[in-house]
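Peer 1: Any chance you could fold what I've pasted below:
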Amino acid sequence: MVQRPFFAPYRSLPARLRALSTTSTAWFLGRWLLLAALVGALAGTASAGFLVSLEWVTRWREAHPWALALLPAGGLLVGLAYHRFGNRVVKGNNLVLDEIHAPSETIPLRLVPLVLGGTLVTHLFGGSAGREGTAVQMGAALADQLARWLPRRERRLLLIAGMSAGFAAVFGTPLAGAVFGLEVFLLGSVRYDAILPSFLAAVVADAVTRAWGVGHTPYPALGALPLTATGLGCTLLAGALFGLAARFFATLTHGISRVFSRLKYPPLRPVVGGVLVAAAMGALGTMRYAGLGVPVIVEAFQHPLGAQDFALKLVLTALTLGAGFKGGEVTPLFFIGAALGSALAGVLPLPVALLAAMGFVGVFAGAANTPLACLLMGLELFGARAGVYLGLSCVMAYLFSGHTGIYASQMVGFAKNPLQGRQQGRRLGELGKAAPRP
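Peer 2: Numbers count the residues shown, from 1 in each chain. Down below sits the predicted model:
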């Protein structure tokens with residue numbers, strides 16, 4: 001009888017491991033093809049309904065300017081709804097980020113009607129707010145309902161996919177949406193284990209939203225611009241200014257939130273905020289800064305705007321959101337950035353449309369600490385010809401915004417410079433003493 005060497009049974013071990021790896025990859029791919037498609041369909045459908053409703057309330061408000069006087073009453077409705085039914089979900093985007101960092105409980109499904117209704121009320125009566133927060137929260141909450149069929153360790157992937165889907169659907173930018181979900185929760189780092197779920201969910205969500213017949217605001221395609229020392233120098237300067245504007249916006253919003261938190265009865269906070277916002281807009285005699293402000297964003301690409309446009313939108317949005325109204329920060333940040341870039345066209349030798357586009361993505365990059373997602377958004381919205389300028393603007397804004405941001409639960413993965421290395425592993429809210437908005 002011929003005996004086999006002792007190690008013979010183990011000769012095929014590498015082949016077995018490769019086969020096991022291939023099988024597990026195929027299983028992961030197949031499972032997430034189905035899950036991401038479902039997340040994308042849910043987020044895309046919810047976002048389509050939200051965008052249609054938002055367009056309706058915006059048209060109604062524009063046709064009835066007197067509705068601004070009812071903003072305090074709208075604030076009371078929002079405050080009471082969250083006080084009565086939304087104690088756990090009042091943190092909004094920060095709740096989603098906290099669940100990604102340290103998963104504990106499934107996000108309650110009631111977050112969807114609460115944030116949807118709160119955002120629509122805010123816009124109906126003229127509050128200065130956006131829409132991204134609503135879509136991202138709805139996407140994450142809907143996705144999280146599927147977590148019961150997943151291993152616990154993969155719940156983070158589901159939440160990230162939901163955020164990506166919501167972002168992609170509401171702006172029509174699937175690439176930016178996918179990377180936003182991967183980049184937003186950990187400053188200076190990208191979560192590559194979620195790359196497949198994020199991309200699949202973002203693409204499906206965008207396609208589903210468009211299949212429902214819901215469109216997005218078209219922006220001008222930027223022409224090719226030669227790279228010159230003057231152009232690059234102006235871009236670096238403008239990017240730094242965009243980062244400082246983002247930093248000021250985040251700091252002001254969190255500061256206002258802390259001031260309003262002194263009102264011990266939470267439903268009164270948006271009431272007082274509504275009085276202040278309505279009084280300010282009434283004194284200005286214009287509704288130019290109410291709601292999303294998309295017409296002004298489009299105008300910023302056509303001719304230089306005055307510096308007051310970005311400054312007033314910044315203050316009114318910080319007051320609206322800091323007081324507890326619901327919505328998002330991103331579209332107002334588009335307004336602030338585009339208006340600031342447009343105003344800089346009066347002093348910098350660059351085309352007004354290019355500066356507006358740089359500000360559009362740059363201020364957002366600094367405030368959300370997502371430079372890669374913002375660069376991709378710029379390429380999707382404005383074309384690739386000015387990609388270098390858009391990219392430099394995002395990078396400079398990201399660096400100059402420091403360790404601040406609109407999301408207090410965002411964690412520092414890698415410091416923006418070596419001098420801030422001790423801040424790694426801490427949340428932005430801990431660094432800036434900024435509690436999540438009530």
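Peer 1: Identify the residues contacting the nearest residue to residue 293 once chain neighbours are set aside.
Peer 2: If you skip the residues right next to it in sequence, residue 293 has residue 335 as its closest partner in space, 4.3 Å away by C-beta to C-beta, 6 or more residues apart in numbering. For the C-beta atoms, the positions are set from N, CA and C on the backbone; glycine is no exception. If a contact means C-beta atoms under 8 Å, 6 or more residues apart in numbering, then residue 335 has 292, 293, 296, 297, 309, 310, 313 as its contacts.
Peer 1: same check, this time on residue 131
Peer 2: Residue 131 neighbours (C-beta under 8 Å, 6+ apart): 50, 51, 54, 119, 170, 292, 327, 328, 330, 331.
Peer 1: How about residue 273: what's its closest non-neighbour residue?
Peer 2: Distance criterion C-beta to C-beta, 6+ apart; nearest residue to residue 273, sequence neighbours excluded, is residue 323 at 2.2 Å.
Peer 1: And residue 191, by the same measure?
Peer 2: residue 182 (5.1 Å).
Peer 1: what helix or strand does the one you found sit in?
Peer 2: If you go by DSSP states H and E, residue 182 is part of helix 174-183.
Peer 1: which other residues reach that helix?
Peer 2: By C-beta under 8 Å, 6+ apart, helix 174-183 touches 160-169, 171, 189-192, 194-195, 198-199, 201-203, 205-206, 368-370, 372-374, 376-377, 379-380.
Peer 1: Show me what the helix or strand that comes right after it is packed up against.
Peer 2: Helices and strands here follow DSSP H and E; after helix 174-183, the next one along the chain is strand 186-187. Under the contact definition 3 or more C-beta pairs under 8 Å, 6 or more residues apart in numbering; DSSP states H and E, strand 186-187 sits against strand 411-412.
Peer 1: starting at the chain centroid, how far to the strand it packs on?
Peer 2: The chain centre lies 16 Å from the centre of strand 411-412; the measure is C-alpha atoms, centre = their mean, to the nearest Å.
Peer 1: So what touches it?
Peer 2: Outside strand 411-412, the residues that reach it (C-beta under 8 Å, 6+ apart) are 97, 101, 185-188, 403, 420, 423-428, 431.
Peer 1: what's the helix or strand encompassing residue 99 in contact with?
Peer 2: Taking DSSP H and E as the criterion, the element that holds residue 99 is helix 93-101. Counting by C-beta under 8 Å, 6+ apart, the neighbours of helix 93-101 from elsewhere in the structure are 88-89, 91, 105, 107, 111, 133, 136-137, 140-141, 144, 155-156, 159-160, 162-163, 184-185, 407-411, 429, 436-437.
Peer 1: Tell me what angle the helix or strand following it forms with helix 93-101.
Peer 2: Per DSSP H and E, helix 93-101 leads on to helix 111-124 as the next helix or strand towards the C-terminus. Using axes from the mean of the first three to the mean of the last three C-alpha atoms, to 10 degrees, the interaxial angle of helix 111-124 with respect to helix 93-101 works out to 150 degrees.
Peer 1: now do the same end-to-end measure for stretch 408-420.
Peer 2: Stretch 408-420 stretches 17 Å from its first residue to its last (C-alpha to C-alpha, to the nearest Å).
Peer 1: Show me how far that stretch is from its chain's centre.
Peer 2: When distances are taken as C-alpha atoms, centre = their mean, stretch 408-420 is centred 18 Å away from the chain's centroid.
Peer 1: What's the mean pLDDT across it?
Peer 2: The predicted model gives stretch 408-420 an average pLDDT of 87.
Peer 1: repeat for stretch 172-191
Peer 2: Regarding stretch 172-191, the rounded mean pLDDT is 93.
Peer 1: residue boundaries of the helices in the stretch 1-150 of the chain?
Peer 2: Taking DSSP state H, counting those that start in this stretch, the helices of the stretch 1-150 of the chain run over residues 13-63, 71-85, 93-101, 111-124, 132-144.
Peer 1: Check the offset of the helix or strand harbouring residue 376 from the chain's centre.
Peer 2: Residue 376 is located in helix 371-382, with elements delineated by DSSP H and E. Centroid displacement of helix 371-382 relative to its chain, using C-alpha atoms, centre = their mean, is 13 Å.
Peer 1: which is the next helix or strand following it?
Peer 2: helix 387-400.
Peer 1: would you list every one of the helices in the stretch 151-300 of the chain?
Peer 2: Defined through DSSP H, counting those that start in this stretch, the helices belonging to the stretch 151-300 of the chain, from first to last, are 155-171, 174-183, 195-211, 229-260, 268-284, 294-300.
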